[in-house]
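Chemist: for reference, the sequence and a predicted model appear below.
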Amino acid sequence: MLNEVLAQQYIRPLRPRPSGLKPSGQLTAAVECLLFDIYGTLFISGSGDIGIARNKPNGWDRLNPLLVKYGIRMTSRRLLREYVQAIDAAHQKLNRKGIDCPEVQIDHIWQSILGLENLETVRAFALEFELISNPIYPMPNLSELLKVVRQAGISMGIISNAQFYTPYLFGWFLQADPKGLGFDPELIYYSYLTSHAKPSLHMYKKALGRCKNRGVRPESILYLGNDMLNDMMPAAQCGMQTALFAGDLRSLRLRSDDPRCRAVKPDLIITDLRQLIEWI
């Protein structure tokens, strides 16, 4: 499993921070398929989300030793500047190809910056950088929720902004890969594999088409996420039911100032993953 020993050096228990919101709402149709976001929903994200370290990431003081470890001869400030510039350039290139919300493959970005030929080494560096800037830990009651959904025979899938290391979170913390936990491999969509990041409808439409082929109507699909723009809006536009996870203030994104979200209202608001069980 990808650098599990390496990852364990950075893993420390995290607790969600209460958001102050209360559980509310209700579903109008029985759930036949449950789709999840990952960062800030299934896993606590120390920085609030994947890939937001654009100015001064968490763990800034730990970046210089990381550069020394990998023999990278540049300052952490220059590293971050080139990192942001490389991502922006890749996004612009994908924009020109007609991709509205582009996603990069972060190992390719790091390889271009670091000048290292060995992809395994590049990925090890990328993993350490991510775990320094964005500590991760499972949300409370994650295992219980997945077990109940699995036992209920409800299809489970993932639509998430992600990178190559994201699928390994399940093995590191839950001792099984997504398939072993009950996720349907045909309903797993990671942004780095599609080149489309949320809030693009691309991954949602892919999942919708797969469910339609199985006879599952859009209103029988429930999407759980923590972001009104990236999660609730596109899922609702696709006719899915929506549940906003408001269990951690770090990652809750209400987007109250974003006009695109003003008419968006989740069907459910939950503050603990266990609260979703009563709707299964």
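Modeler: Alright, I've got the coordinates. Residues are numbered from 1 along each chain as shown.

Chemist: what sits against the closest residue to M240 other than its chain neighbours?
Modeler: Closest residue to M240 in three dimensions, ignoring its sequence neighbours and counting by C-beta to C-beta, 6 or more residues apart in numbering: I221, at 4.4 Å. Glycine gets a C-beta too; all of them are placed from N, C-alpha and C. For I221, the set of contacting residues under the criterion of C-beta atoms under 8 Å, 6 or more residues apart in numbering consists of V31, E32, C33, L34, L35, A207, L208, C211, M240, Q241.

Chemist: hmm, V149 and the fourth one touching each other?
Modeler: Meaning L34. Yes. Between L34 and V149 a contact is recorded at 5.7 Å, counting by C-beta atoms under 8 Å.

Chemist: related to what we said a few turns ago, taking the contacts of I221 together, which two end up most distant?
Modeler: V31 and L208 (15.0 Å; C-beta to C-beta).

Chemist: so which of the contacts of I221 are in strands?
Modeler: When DSSP state E defines the strands, the subset of those inside them is C33, L34, L35, Q241.

Chemist: so N95: helix, strand or coil?
Modeler: helix (DSSP: H, G, I helix; E, B strand; the rest coil).

Chemist: measure it to I106 for me?
Modeler: Taking C-beta to C-beta, to the nearest Å as the criterion, N95 is separated from I106 by 18 Å.

Chemist: among the two, which residue is more densely surrounded?
Modeler: More neighbours surround I106 than the other of N95 and I106, with 25 against 12 (other C-beta atoms under 10 Å).

Chemist: tell me the contacts of the more buried one?
Modeler: The neighbourhood of I106, defined by C-beta under 8 Å, 6+ apart, consists of G51, A126, E130, Q163, F164, Y192.

Chemist: same thing but 10 Å
Modeler: With contact taken as C-beta atoms under 10 Å, 6 or more residues apart in numbering, I106 is in contact with 50-51, 83, 86-87, 90, 122-123, 126-127, 129-130, 162-165, 192.

Chemist: A helix includes P185, no?
Modeler: No. Residue state for P185 (three-state DSSP) corresponds to strand; a helix is not indicated.

Chemist: pLDDT value on the residue lying closest to it once chain neighbours are set aside, please?
Modeler: Once its chain neighbours are removed from consideration, P185 has its nearest residue in K179; the separation is 5.5 Å (C-beta to C-beta, 6+ apart). Reading off the confidence values, K179 has pLDDT 97.

Chemist: K179: how many residues sit nearby?
Modeler: K179 - counted by other C-beta under 10 Å - has 12 other residues nearby.

Chemist: that one touches R150, doesn't it?
Modeler: No. With contact defined as C-beta atoms under 10 Å, K179 does not count as touching R150 (11.3 Å).
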